[in-house]
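[1] Just need the structure, nothing else, for what follows:
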Amino acid sequence: MLRQTDCMKHLTALGGGSLEANSGECFLVKGIFVVPSLGDTYLTVKINNFTVAYFRLVGKGGNHLGGVSHYRPGFNLMDYLVKRGLPFSLPIAEGQKLTVSRGADAGNVVILYDSYDAGD
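    So this is what the prediction gives:
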């Protein structure tokens, strides 16, 4: 059963951070948004040490996870796929941990997710 929708976790730790589902809860990640710093290159997303996504943050092709702010609009690949009818979400089961790692020391990562009871 859905506990809360549109939860956000703001990661500002050096090199990334994590989101862990405790006992009795699970998450469905709906979006990841990044404001990259000059040292950023790519963002790696892992669930329990298994790589599930790899996104470019800077370069000629731009940021694949932009659009976090009204003042910094941009393209977001996850949002684009959902609008095209291709569901793109990352389920985090009870006791699992989603880890985000980046190349830079500074910058902001925002994870948008829904919280559910365990087993949903």
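
[2] for this protein, which spans come out with low pLDDT?
    67-74, 105 (pLDDT under 70).

[3] how about the residue nearest the centre of it, what does it touch?
    Using CA atoms, centre = their mean, the residue of the chain that lies closest to the mean C-alpha position is I32, 3.0 Å off. Going by CB atoms under 8 Å, 6 or more residues apart in numbering, I32 touches L43, V45, A53, F55, L65, M78, V100, V109, V110, I111, L112. C-beta coordinates here come from the backbone N, C-alpha and C atoms, glycine included.

[4] Columns neighbour count on top of those residues, output as CSV?
    Formatted as CSV, the contacts of I32 follow (neighbours: other CB atoms under 10 Å):
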residue, neighbour count
L43, 24
V45, 21
A53, 19
F55, 18
L65, 25
M78, 21
V100, 22
V109, 25
V110, 17
I111, 22
L112, 18
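
[5] wait, which of these is closest to H10?
    Among the contacts of I32, V110 lies closest to H10 (CB to CB), at 5.5 Å.

[6] Can you tell me, leaving aside adjacent residues, what's nearest to that closest one?
    F33 (4.5 Å; CB to CB, 6 or more residues apart in numbering).

[7] ok, how many other residues are close to the one you found?
    Using other CB atoms under 10 Å, the number of residues around F33 comes to 22.

[8] how close does it sit to E94?
    Taking CB to CB, to the nearest Å as the measure, F33 falls 25 Å from E94.

[9] on that earlier part again, sitting in strands, which of the contacts of I32 do you find?
    L43, V45, A53, F55, V100, V109, V110, I111, L112 (DSSP state E).

[10] so the fifth one sits right up against V45, yeah?
    Translated: V100. Yes. V100 sits in contact with V45 when judged by CB atoms under 8 Å, with a separation of 5.7 Å.
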